[in-house]
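Colleague: show me how the following folds:
(chains A, B and C)
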Amino acid sequence: MSQTQIETPSPTTTQAQPAHVLKPERSRLGLMRPDHSKSVFIDWLTTVDHKKIGIMYGAIALFFLFIGGLEALIIRTQLIIPENDLITAQRYNQLFTMHGTTMIFLAVMPLNSAFFNYLIPLQIGARDVAFPRINSLSLWTFVAGALVINFGWLLQALEMMGLFAASGPTAGMTDMVPAGGWFGYAPLTSKDYTGVGTDFWVMGLQILGVASLSSSMNFIVTILNMRAPGMKMMRMPVFTWMSLVVAFLIIFAFPAITIALGQLMFDRVFDTNFFNVAGGGQPILWQHLFWIFGHPEVYILVLPAMGIISEVLPAFSKKPLFGYSIVVFSGAVIGFLGFAVWSHHMFTTGLGKVATAAFSLLTMAIAVPTGVKIFNWVGTLWGGRVRFTAPMIFSLGFVWMFMMGGFSGIMHAAAPADAQQQDSYFVIAHFHYVIMGGIFLALVSGIYYWVPKVFGKMWKGTLSNWVAVLIVVGLNVTFFPMHFLGLLGMPRRTHTYLEGFGWASYNMVCTIGSYILALGILLLLVDLIRCLRSGEPAGDDPWDARTLEWATTSPPQVYNFAQTPVIPARDALWVHKHGPENKKITYEADHGHGIHMPSNSWMPLIASVGFVPLGLGMTLMQAGVPYMGYVAIFGLIMITIGLILWAIEGPGGYHLHPEQENT
Amino acid sequence: MKTISNGFYRFLQYFSAFIVVTVLGGCNLDTRMSTFVTKGPIAEEQLNLFMLTVWVTFAIFIIVGGVFVYAVIKFRERPNDDRPMPSQGHGNPLVEIGLIGASILLLAVIAVPTLQAIWFTQETPDDVESRMGAWYSGEELAEEEAENPLIIKVIGYQWWWAFEYPQLGITTANEMVIPAGKVVHLELRSVDVIHSFWLPRIAGKVDLIPGRTNAMWIQAGDNFAKWKEKQGIVGPDQDSPELREGYASYLQEEIHNYYYGQCAEFCGDSHARMLFRATVVGDREFEAWVADEKIGHGTPDGRSWDEWYTAYEENPEQLTGDLNEGLKLFMGRAKCATCHTVKGNPRAVGVAGPNLTNVGARLSIAAGWLNHRAEDGGIDTEQQYENFFNWLKETDVIKPGNLMWEANGGGIGELIDEHGEPALLTDEEINKLSLYLQSLK
Amino acid sequence: MSENATAHQDDGHASLIIDNKKLLMWLFLGSDCMFFGTLISTHLIYRKLYPESFDPTTLFSLELTSFSTFILLMSSFLMALAVSAMHKGELKSFRRNVLGVIFFGLIFLGCQVYEFAHFVHAGLTLSTNTFGSTFYMMTGTHGVHVAIGVFWLICMYFYSHTGKMDAHESAVDVEIAGLYWHFVDIVWIVIFTAVYLIEFI
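Modeller: Numbers count the residues shown, from 1 in each chain, chains lettered A, B, ... in the order given. This next block holds a predicted model:
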């Protein structure tokens, strides 16, 4: 940022004046920068504003949440009675594979990312993230990866409509949708057993990895380097802290799966022997590499949720978070230990006694920092003044459901008991309690909490209570019986089951529960749309909240804070409102040359879009479709050109002069 | 193909059954693959450990959940709340450290039994009474095997199981037979993808991973010493014919049974249809079964195999009767013998598919998916015929993607393609083949 | 950390005293360590599993690889000179040294291409055995890193002729390229030890 070159500063006098009246400028390339475009569409495509990027992440994540939920409903409907033949075994396998992949990589992670993007700069008093254009690249690369993973569905749909048949030059395109399970165990994902769907899955995940890695590095730099004066590390909101831990987890965990996927791809394309038994490869290596990524991934999903809870509970208890430093520290410990417990996903693979014992004990150890968090949340409520607002209700639900998910986690940690639970519905129950009952409720809580800030509109009425009741009841009705199903011997990932094993009635309950849950989520969308269409203006601080993001306008201006705030304490806004006089938030004086804003850019979009032809081209080339090699090369060239022009174009920027007013 | 209305009718049927079961019956935990009602020391150890974790977490749940609910109710905001602002303290280190200490203590309560159970379940014990020499009196046991327990090689295929008994020189498929109360050592491996061996009432699962051999031990029912301990008979040397009789009747009544297992690791299209069975029998029955497996089968009409093959090659019309016709198809047009072994038959030695020796005596076919076990534990012959017929007729419907379907370019019983290519076998021929297979017992 | 973190930069923000871009590169290198760590450990695991399957000593030419290792080390030295020249604003010296780095990098890549061609000719391909798979993938990934570095430096060399480069603005950029180059060099030292030298012990 320090070496930004500003070509033609275009000052504006008031913030009431819309930004797009400013004249577009030329970049070093001599091309027009897409700043202040009259077209809203171009403005959003080229935006580098962390708030717009956050909103887009959120919208796309909700879309994929809907898709993944639909897949889940089909799965549950298939299982409603024994020996049902609603869908074929192959379709079922595709559905649960894509359900898992979609929910983890395309729904929960981007929803987390939406919160990171929107909130981190606001919570630390920054204007934007450290690298706004990299942020844009992360978003569009994520979209490209999501397209590549889901491309198989499109082909499958075309084939079902008879518009396309896997014959002739495309005869190699069997099994067009990934069907190897979300953790794609070798050798089932080798080319002997699965078709082109696995290639889409591999390429898509690789591209998503690029997006996650680049955005994580960006957030780490932002959090470490862009904090407002006085925002010491131990004054940061817990959500920002957890985001920092997650970003570190991502940059250290993703390389393992990137390499594993690379090895799998080489096995499939170049006949290497990484997981090929005949050539001396060891399929078990895949499991180790995958779970070295996969277990930290669980914490990548859950830590932001814990961060949200640690924001919402204090806000609606009128108390600071109980044991702030211990909550922060235990988050870091969870992140650290998360790298040391991967083999508890592999207790039944014959690790040997010593390794089993070691991973068993380490897994139990990780329950301690997790428990500490729950204690501290209860401690936060204790002696507070609990207000039952919508975000609070979901957060309280989170604590309850997450606790239950944690308990079945402890049961898994006891390795011999896990031998009965592994790969059964008990595991399904466990991680859905954690992911749906935990993470999802926290994210809904976050949506209810921050939407008034993001859109400046307040929620209407008490529909949220119905949403909460339906979702929590639906969750428990769906997933609690699954504990019993697992203990009664039903293995996971079976597309049907025989009568007479005592599973039928439990399955029926689960399926009915899933419909209730779906209704609840539908109602959530209705509530959201109602709020956005006709909500009352929210005001800057509708919840009487504690952290810095509530000190600015709702929705915040493009520059976030008119003047850089100086942070006097932890829970800065609360202290500002209710604390002593000498602890007010103050604002740095304007130096008179306005606020420097980064320019919009096409280049991240161009580079990201290049990943689509690259991914699809490589995948279809492997399946024998003609000319696809050229498509892949085209994609590669597009990425390279995008990056080079990006470098030459320079960050650009312009100045804004908002009115001289605080908040 | 079932119609939608048919499916909906079935749904209604199950729904009413479900209401009856849940309202009247509550939760029945004694089901075929329940891990709650155990029949062996490993499953029992695993269940005990599980129940310990349940009680410990339940205690935490009651305490933490109770405090949580109490806090939410007690400290809720009331209308016109004029209480002073809550204290803005940042926590209490003593409380924190106390709670951390308490959690570590509670985890230790689980950790110690966990370690014990890991060693117990993963180390095959040298049980004197389980050594082959101590109980097996059948033929042809190599001298050095007398010291070993019974060894079974479990081999996973997409989507069926082979069970080899290397000490006894026999192989069976999908239905293993083991002696009650004896330690059995399993060697698990896979020829294609990862599978997982799970016999819930007897033992938790261990994976079958290509490229490596895993091991586990199982035991159906307690051994004599453990049984005495449970009966409250102290002293390891206690032994008498009465006690032995009591133990024998314990095995007879509680352990001898037909157990259900299933592949637990996702292994491709028909993962859901990769089941297996374990028949637990007494020592003498086991020996009889082994002897039967070793002898195998003769020709349907009683002549020797050499004579039968001479006739088959020179004058096949001479071989009449449903069973002979079925065997001719088995060896000929249906190409069964390419992949399947039938002990006794010198030319049916294929190994790509399940071993069919005594397949007519098994209580299920198609890796446990098609069942014909009668109420009394015997064979429901009509159902068995129907199962064989259906399996041969629509292999891919019953087990999508299976090798018998793929290798024959579209099964043996159905039209090969929409152009009306004739089926490999007509219904009448399938009928004969089914009858022949049914006779293999 | 929090003590350090409160040190203010001139823009008044609480931050580490390290440039944003440089911090980004450090994070990338940390992540890249995990990439190479995974690749190298895969290689070492398979090497240990199948010690008898393949004897690379018959194939490896320690002379050639030592030479290319030396070349890469020297390029790092030149890179350090280039960074220092840029800090002093000596554009000519910078160009000279960067050209040297590019040249040495290309020699290294040439050695690697020759080596690969030689090995394939001698019968070791990607699919021969696990050694072939891990060896090519690991050294290939490293080679791609070197190639990207060379490409980057070439871009930088040409950019230095546009007149938009000066000691204030571009020293950090050059330094970041230097960080990357040194890292790639260090990784090669590890690979050289763990893949080549270890076979001759």
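Colleague: once you drop chain neighbours, what's closest to residue 189?
Modeller: Defaulting to chain A. Among residues not flanking residue A:189 along the chain, residue A:180 sits closest, at 4.2 Å (CB to CB, 6 or more residues apart in numbering or on different chains). Heads up, the C-betas are built off the backbone N, CA and C, glycines and all.
Colleague: other chain: chain C
Modeller: Leaving out its chain neighbours, the residue that sits closest to residue C:189 by CB to CB, 6+ apart is residue C:69, at 7.2 Å.
Colleague: helices of chain C, residue ranges please.
Modeller: Along chain C, the segments classed as helices by DSSP state H run C:2-5, C:20-49, C:62-88, C:91-121, C:130-159, C:167-191.
Colleague: what's the least confident stretch among these?
Modeller: For these, the weakest mean pLDDT is recorded on helix C:2-5, namely a mean of 33.
Colleague: re the thing from before, sec struct for the residue nearest to residue A:189, please.
Modeller: Reduced to three states with DSSP: H, G, I helix; E, B strand; the rest coil, the structure at residue A:180 is coil.
Colleague: is it true that it touches residue A:187?
Modeller: No. Applying CB atoms under 8 Å as the test, residue A:180 and residue A:187 come out as separate, 9.9 Å apart.
Colleague: quick one: the residue nearest to residue C:189 from residue A:408, how far?
Modeller: Taking CB to CB, to the nearest Å as the measure, residue C:69 and residue A:408 are separated by 53 Å.
Colleague: cool, and residue B:362?
Modeller: Distance, residue B:362 to residue A:408, using CB to CB: 37 Å.
Colleague: just residue B:381 next, same as before
Modeller: For residue B:381, the distance to residue A:408 - CB to CB - is 45 Å.
Colleague: who has more neighbours out of the two?
Modeller: Relative neighbour count places residue A:408 above the other of residue B:381 and residue A:408, with 22 against 12, counting by other CB atoms under 10 Å in any protein chain shown.
Colleague: give me the nearest residue to the more buried one, chain neighbours excluded.
Modeller: Spatial nearest neighbour of residue A:408, excluding adjacent residues (CB to CB, 6+ apart): residue A:430 at 4.0 Å.
Colleague: what's in contact with the host helix or strand of the one you found?
Modeller: When elements are assigned from DSSP states H and E, residue A:430 belongs to helix A:425-432. When contacts are taken as CB atoms under 8 Å, 6 or more residues apart in numbering or on different chains, the neighbours of helix A:425-432 outside the stretch itself are A:298, A:405, A:408-409, A:411-412, A:420-421, A:475, A:478-480, A:482-483, A:485-487, A:490-492.
Colleague: how about the CA coordinates for that helix, as CSV?
Modeller: Output in CSV follows, covering the C-alpha atoms of helix A:425-432 (Å, rounded to 0.1, in the frame of the first residue of the first chain):
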residue,chain,number,x,y,z
TYR,A,425,-24.7,-43.7,11.3
PHE,A,426,-23.4,-42.8,14.7
VAL,A,427,-20.6,-40.9,12.9
ILE,A,428,-23.2,-39.2,10.7
ALA,A,429,-25.1,-38.1,13.9
HIS,A,430,-21.9,-36.9,15.5
PHE,A,431,-20.7,-34.6,12.7
HIS,A,432,-24.1,-33.3,11.8
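Colleague: and it, how far out from the chain middle?
Modeller: When distances are taken as CA atoms, centre = their mean, to the nearest Å, helix A:425-432 is centred 20 Å away from the chain's centroid.
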